[in-house]
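Novice: when you get a sec, could you give me coordinates for this:
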Amino acid sequence: MSEISQRRVIIGDVHGHYQGLMLLLKQIEPASTDQIYFLGDLIDRGPQSAEVVEFVKENNYPCLLGNHEQMLLEIMTGKNTQSASMQGWLYNGGQATVASYRSGKIPQGDLDWFESLPTYLDLGDFWLTHAGVNPNKTVAEQTLNELCWIRGEFHSMTKPYFPDKTIVAGHTITFTLPGVVPGNLAQGQGWIDIDTGAYHPRSGWLTGLDITNKLVHQANVFSHVVRTLPWKDAITIIEPKELIGSRRLF
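Specialist: Numbers count the residues shown, from 1 in each chain. Modelled structure (predicted):
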């Protein structure tokens with residue numbers, strides 16, 4: 001089957017891996033008519049967060065607010081001045097983000113851009129957010145923290161949140177979910193998780209999900225291997241009962 005033009009491709013958590021992102025985009029070969037979306041967590045952990053942010057900004061790619069951008073904003077704008085919070089962010093990749101800026105300081109322009117990022121995007125048949133939704137609340141009732149941080153309640157939903165659209169999220173590395181091997185996506189009741197752990201030594205896979213042609217494009221930031229797979233070969237189905245008591249990484 002030939003691919004449909006004017007693709008919609010959703011890219012998972014990049015976490016400062018600019019070279020891996022460039023490798024992935026080379027594999028995708030986006031045309032000017034394609035729509036590219038980012039699920040947030042452009043920054044932290046990897047060595048080139050500043051370059052990733054600059055690239056996404058310059059190309060005007062729609063991007064969501066991730067929990068790592070939220071942490072940075074709360075600390076840099078003075079909303080969260082607790083020393084423990086600052087140390088927590090630095091420990092979870094913030095130090096690498098600061099170091100990626102030549103001046104050692106995150107410019108106000110980038111902070112303003114982070115502040116402008118939405119927490120979700122509705123594409124009609126697909127609904128994008130960084131972490132997921134609280135299944136017990138309406139869209140209007142969802143909080144910023146839930147859309148950026150939620151895990152268990154979202155993944156263990158026993159029925160789809162939307163009757164007519166699929167949620168695509170990142171945030172939770174897929175191999176931390178039961179039965180998912182590193183590199184595979186995870187799919188549950190009305191959702192697909194595409195954070196395949198680009199920064200993590202057990203994986204290294206960065207994912208771009210082509211929702212138009214149902215293809216999964218991937219690049220490994222460590223081995224530099226690239227691949228394109230049909231959905232059926234790249235997604236592990238998760239049953240809600242399998243998530244009871246399962247362990248998840250931050």
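Novice: and the next element down the chain from the worst-scoring helix or strand of the chain on mean pLDDT?
Specialist: For the chain, the helix or strand with the lowest mean confidence is helix 83-89, at a mean of 69 (criterion: mean pLDDT, DSSP states H and E). Once helix 83-89 ends, the next helix or strand along the chain (criterion: DSSP states H and E) is helix 95-100.
Novice: average model confidence for that following helix?
Specialist: The average of the pLDDT scores along helix 95-100 is 92.
Novice: shouldn't residue 240 be in contact with residue 188?
Specialist: Yes - Residue 240 is in contact with residue 188 according to Cβ atoms under 8 Å; the separation is 6.8 Å. For the C-beta atoms, the positions are set from N, CA and C on the backbone; glycine is no exception.
Novice: got the buried residues for stretch 96-112?
Specialist: Of the residues in stretch 96-112, 96, 97, 98, 100, 106, 110 count as buried by neighbour count, 16 or more other Cβ atoms under 10 Å.
Novice: now, which of the residues you listed sits nearest residue 19?
Specialist: Closest approach to residue 19 among the buried residues of stretch 96-112 (Cβ to Cβ): residue 100, at 12.4 Å.
Novice: nearest residue to the closest one in space, please, no chain neighbours.
Specialist: residue 50 (4.1 Å; Cβ to Cβ, 6 or more residues apart in numbering).
Novice: quick check: the one you found is in a strand.
Specialist: No - Residue 50: not assigned to a strand; according to DSSP: H, G, I helix; E, B strand; the rest coil it is helix.
Novice: those strands in the chain, which residues are they?
Specialist: With DSSP state E, the ranges of strands along the chain come out as 8-11, 35-38, 120-122, 126-129, 166-169, 185-188, 191-193, 205-210, 215-220, 226-230, 235-237.
Novice: please name the bridge partners of the closest residue to residue 196 other than its chain neighbours.
Specialist: Nearest residue to residue 196, sequence neighbours excluded (Cβ to Cβ, 6+ apart): residue 205, at 4.1 Å. Residue 205 has these beta-bridge partners by DSSP bridges: residue 220.
Novice: how far away is residue 205 from residue 138?
Specialist: Going from residue 205 to residue 138 by Cβ to Cβ, to the nearest Å gives 34 Å.
Novice: more neighbours: the two, which one.
Specialist: residue 205 (30 against 9; other Cβ atoms under 10 Å).
Novice: pLDDT at the more buried one, what is it?
Specialist: So, for residue 205, pLDDT stands at 98.
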